[in-house]
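Undergrad: Following is a predicted model, sequence given first.
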Amino acid sequence: MTAAENVCYTLINVPSDSEPPSEVSLKADLEKGEIKARTEALKKVIIMILNGEKLPGLLMTIIRFVLPLQDHTIKKLLLVFWEIVPKTTPDGKLLQEMILVCDAYRKDLQHPNEFIRGSTLRFLCKLKESELLEPLMPAIRACLEHRHSYVRRNAVLAIYTIYRNFEHLIPDAPELIHDFLVNEKDASCKRNAFMMLIHADQDRALDYLSTCIDQVHTFGDILQLVIVELIYKVCHANPSERARFIRCIYNLLQSSSPAVKYEAAGTLVTLSSAPTAIKAAAQCYIDLIIKESDNNVKLIVLDRLIELKEQPTHERVLQDLVMDILRVLTTPDLEVRKKTLQLALDLVSSRNVEELVIVLKKEVIKTNNVTEHEDTDKYRQLLVRTLHSCSVRFPDMAANVIPVLMEFLSDTNEAAAADVLEFVREAIQRFDNLRPLIIEKMLEVFHAIKTVKIYRGALWILGEYCSTKEDIQNVMTEVRRSLGEIPIVENEIKKETGEVKPEDEVSVAPAQKLVTEMGTYVTQSALSSSRPSKKEEDRPPLRGFLMDGDFYVAASLATTLTKVALRYVDIVQDKKKQNSFVAEAMLIMVTVLHLGKSSLPKKPITDDDVDRISLCLKVLSECSPLMNDIFNKECRRSLSHMLTVRLEEEKLSQKKESEKRNVTVQADDPITFMQLTAKNEMNSKEDQFELSLLAAMGSAQRKEAADPLASKLNKVTQLTGFSDPVYAEAYVHVNQYDIVLDVLVVNQTSDTLQNCTLELATLGDLKLVEKPSPLTLAPHDFANIKANVKVASTENGIIFGNIVYDVSGAASDRNCVVLSDIHIDIMDYIQPASCTDAEFRQMWAEFEWENKVTVNTNITDLNEYLQHILKSTNMKCLTPEKALSGFCGFMAANLYARSIFGEDALANVSIEKPIHLGPEASVNGHIRIRAKSQGMALSLGDKINLSQKKTNV
């Protein structure tokens, strides 16, 4: 093992700007200095030895002048010094001076101060020389009977490490510790002793546990955790022991420690799949989520509940606990609420949907007019969406939900109101029996709607679904009420002139008459007043939108009026009433047009809106059957088709999910009985404790792809040429937030290369954690050097550097081999994700960095190009397959992905196939990428540019 790979227990920070002291001055300080000077000198010696200095001349000085001192700080520093100082001669024999050190530590093990005894015992855990430990064994045994628990627990640890490394020094350790454990009262000492028995002699540990299994609930939490681990390991290795210990795990679910409850629940689930066990574990998880204040803990435990739900056999048990799960909604954190609602929605069934809806309705009402928390609006959106999903899956619930949700159409938060509107639109289309109720509620809240987008949607719904004479007349009444007195232009001018009063200090510029495009006269006067005008406050909502220049709502109003007027003509036979209603609708449209062309609104009407209103006027004046059909049937048919497609997609995704979860068992598969399973067959089962330890160390085994190109060899980068004196290649292992470079270095010369050092530097958001240690390479020898690089964000990073070395015996300067650059692939950090259309649009508007990539490819098929981009960028296509199917010469699709750092990446693909250039013409167009950070947008653009063309493998 090279020096660089030795296990290091103690890390000391070294100030780089300090001057290295000389050996003579250190010797003087250690011999004759005050306690403070000796302490500083000893620190300097430790740092110099850690940096590779040998300092053999100081060893005897420290033994003579420093070792006998009783100062606690010096004793602590000496423990570090003896840990790192070389204790053997070059041929591997123990240094003679070490006998003196050994005697000093024997005295320390009998010292009256418990701190010195305990810290010496901790130091002995790190010693790897059995010759030094042998004389100390009686003193270490004696420490097991010391009055202070600090000494006893460190004595147990020392005995355990000595037994593990040098069993011959203390062969009776398990028996000794078992006897110690039986008589011990202190929790930490018992925990250490029990931990040793688990690893050294499991049978003794089980014997001890059997004797006190009924008192387990009275033990301290640290000992309970170790007991849970032992039970898991024993039952994992030998399933027949389950019945003996499962009652103990049940008891530990009632522990006062949250950590013990969490581990016990996790162990219970792995040991038993009985419904009672699953219910107990799930109940324990729910209690933990509610009682723990830390949101991270809540999220982790929620993930465990979600894992439980993934098992088809456990799902039914969890369905009975939906109401308990909903208690978690008392947590104010949005992420916790989001996961809880999703879990409840996945578990909802016809048995518990009614109770779920009642709870959600109460939660929605609670959020009304509550603004003390910034996430209240988002939480309301989540609740609305959950209720929407419940009503779609269980139509009987819709009648209970709709009246509550309709109140939120007048909410100032547009996002929540938009979700309600989408739900109402789907409900009114799918449930014919609820239409009268929805229309009635919609007419009630119509006047209170505050945002123009919601107003447009409400107008559309009323225009599309009002089918009786009374409802149509109510719609017209509400529109008139919302519009105010007409004609609007004259009314507004009267208001303006009527507000000017003699007593107000108002300066009036000379009035001038203007002729508008409609041919009417408008009097325009410039009024400047120091007091704010009240006219804007008491304007009806629709007039307010129009005066602000939002004439898109006017186009929507014209369409609605046209629909209801055409329907009114069909229903009412009286010609006079027909003409009167149509005339009123046309009057409203004309007055809105007049207003748009006047100079009163903040922004004039657009040509598109003028065309739309004019078309509606023309349709009403002619009343042709074709137009009647288009306005009153085709619109609804389109909506119906869209909702059907969406429902089919949801069913398909749910079917895929259920197929994933369903365990398919062949008729001729052998049945496995756990009780009859041989021990060696159990090894195939994964040990959860080992897996979690591997994951924490960052060395969890990933499942390699079946494709050999996606295996480890694909990640090997050649760094130097085959003819270079030193050949190097690196395997780039990406492990979430850090990258491990495993560099193979081969000496291709016949010389010994000394101080062969890998020097690396990074570009981008990468940071080199430590500098690789130099090594010596024999002729034609090879070695592996590991380097760790931390990653902070999703950005294209480059690692570059060189290898420098000295040739043994040569007088020349250091030699250098420049390495090829290693490009870090951002695809390791990007994962496909999904979001709603509304969220996509919102992010698209918010993100400021855009990268436009021009399509340059040899692919001739639009769909093939899209699939190629999805594969090479790890993004997910949000546009439904139905919308992309068929061939029309062009395609537009939205893509979305999220990085492991929580960064969002959006892309919009707009491509076309130039048919006039023939069937072999390549796809052209562009891809627009948007992201919050510049690095993400540029990196993704580079990736698309590099992988656009299809390569023939």
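TA: Received, thanks. Numbers count the residues shown, from 1 in each chain.
Undergrad: Show me where the stretch 551-700 of the chain dips below the pLDDT cut-off.
TA: 624-633, 636, 646-647, 650-651, 653-700 (pLDDT under 70).
Undergrad: Mind jotting down where the helices sit in it?
TA: Ranges of helices within the stretch 551-700 of the chain are 552-571, 575-597, 607-622, 625-629, 635-661, 679-682, 688-696, based on DSSP state H, counting those that start in this stretch.
Undergrad: so which strand or helix has Q754?
TA: Secondary-structure assignment from DSSP states H and E places Q754 in strand 753-763.
Undergrad: On the three-state scheme, the spatially most central residue of the chain is what?
TA: Nearest residue to the geometric centre of the chain (CA atoms, centre = their mean): G902, 6.0 Å. Of the three states, G902 takes coil according to DSSP: H, G, I helix; E, B strand; the rest coil.
Undergrad: mind listing the strands for the stretch 851-953 of the chain?
TA: For the stretch 851-953 of the chain, the strands defined by DSSP state E, counting those that start in this stretch cover 876-877, 890-899, 904-912, 924-931.
Undergrad: re earlier: who are the packing partners of the strand holding Q754?
TA: If contacts are counted by 3 or more CB pairs under 8 Å, 6 or more residues apart in numbering; DSSP states H and E, strand 753-763 sits against strand 726-735, strand 738-747, strand 766-768, strand 775-777, strand 782-791, strand 797-807. Heads up, the C-betas are built off the backbone N, CA and C, glycines and all.
Undergrad: in its sheet, what does that strand sit against?
TA: Strand pairing for strand 753-763, determined by DSSP bridges: strand 775-777 (antiparallel), strand 797-807 (antiparallel).
Undergrad: Next SSE downstream of the last one?
TA: So that's strand 797-807. Per DSSP H and E, the first helix or strand lying C-terminal to strand 797-807 is strand 815-818.
Undergrad: Put the alpha carbons of that next one into PDB.
TA: The C-alpha atoms that make up strand 815-818 are tabulated as PDB, following Å, rounded to 0.1, in the frame of the first residue of the first chain:
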ATOM      1  CA  ASN A 815       9.400  16.200 -17.500                       C
ATOM      2  CA  CYS A 816       5.800  17.000 -18.400                       C
ATOM      3  CA  VAL A 817       3.100  15.200 -20.500                       C
ATOM      4  CA  VAL A 818       0.100  17.300 -21.300                       C
END
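Undergrad: model confidence over it, on average?
TA: Summarised as a single mean, pLDDT over strand 815-818 is 89.
Undergrad: For that strand, which strands pair with it and how are they oriented?
TA: Note on strand 815-818: by DSSP bridges, its sheet partners are strand 797-807 (antiparallel).
Undergrad: Just send the strands paired with strand 753-763 back as a markdown table, with mean neighbour count and mean pLDDT too.
TA: Output for the strands paired with strand 753-763, formatted as a markdown table (neighbours: other CB atoms under 10 Å; pLDDT from 0 to 100):
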| stretch | mean neighbour count | mean pLDDT |
| --- | --- | --- |
| strand 775-777 | 19 | 84 |
| strand 797-807 | 20 | 87 |
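Undergrad: Now distance to P541 too, for those, in TSV please.
TA: TSV is the format used below for these (distance: least, CB to CB, whole Å):
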stretch	distance to P541
strand 775-777	78
strand 797-807	53
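Undergrad: which one of the ones you listed lies closest to K576?
TA: strand 797-807 (78.6 Å; CB to CB).
Undergrad: Can you add mean pLDDT and mean neighbour count and give the strands of the stretch 851-953 of the chain back as TSV?
TA: Shown next, in TSV, are the strands of the stretch 851-953 of the chain (pLDDT from 0 to 100; neighbours: other CB atoms under 10 Å):
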stretch	mean pLDDT	mean neighbour count
strand 876-877	88	18
strand 890-899	88	20
strand 904-912	90	21
strand 924-931	90	20
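Undergrad: Where among the helices and strands packed on strand 753-763 is average confidence lowest?
TA: Among the helices and strands packed on strand 753-763, strand 766-768 has the lowest mean pLDDT, at a mean of 79.
Undergrad: buried sites along that one?
TA: L766, L768 (16 or more other CB atoms under 10 Å).
Undergrad: Likewise for stretch 394-404?
TA: Going by neighbour count (16+ other CB under 10 Å), the buried part of stretch 394-404 is F394, M397, A398, V401, I402, V404.
Undergrad: How about stretch 37-49?
TA: Under 16+ other CB under 10 Å, the buried positions of stretch 37-49 are R38, T39, A41, L42, K44, V45, I46, I47, M48, I49.
Undergrad: And the contacts of it?
TA: Contact with stretch 37-49 is made by 12, 14, 20-21, 26, 29-30, 33, 55, 58, 62, 65-66, 69, 71, 73-74, 77-78, 80-81, 84-85, as judged by CB atoms under 8 Å, 6 or more residues apart in numbering.
Undergrad: How about stretch 176-195?
TA: For stretch 176-195, the surrounding residues in contact (CB under 8 Å, 6+ apart) are 141, 144, 149, 152-153, 156-157, 159-160, 170, 196-197, 200-201, 204-205, 207-208, 219-220, 222-223, 226-227, 230.
Undergrad: I appreciate the help and will end here.
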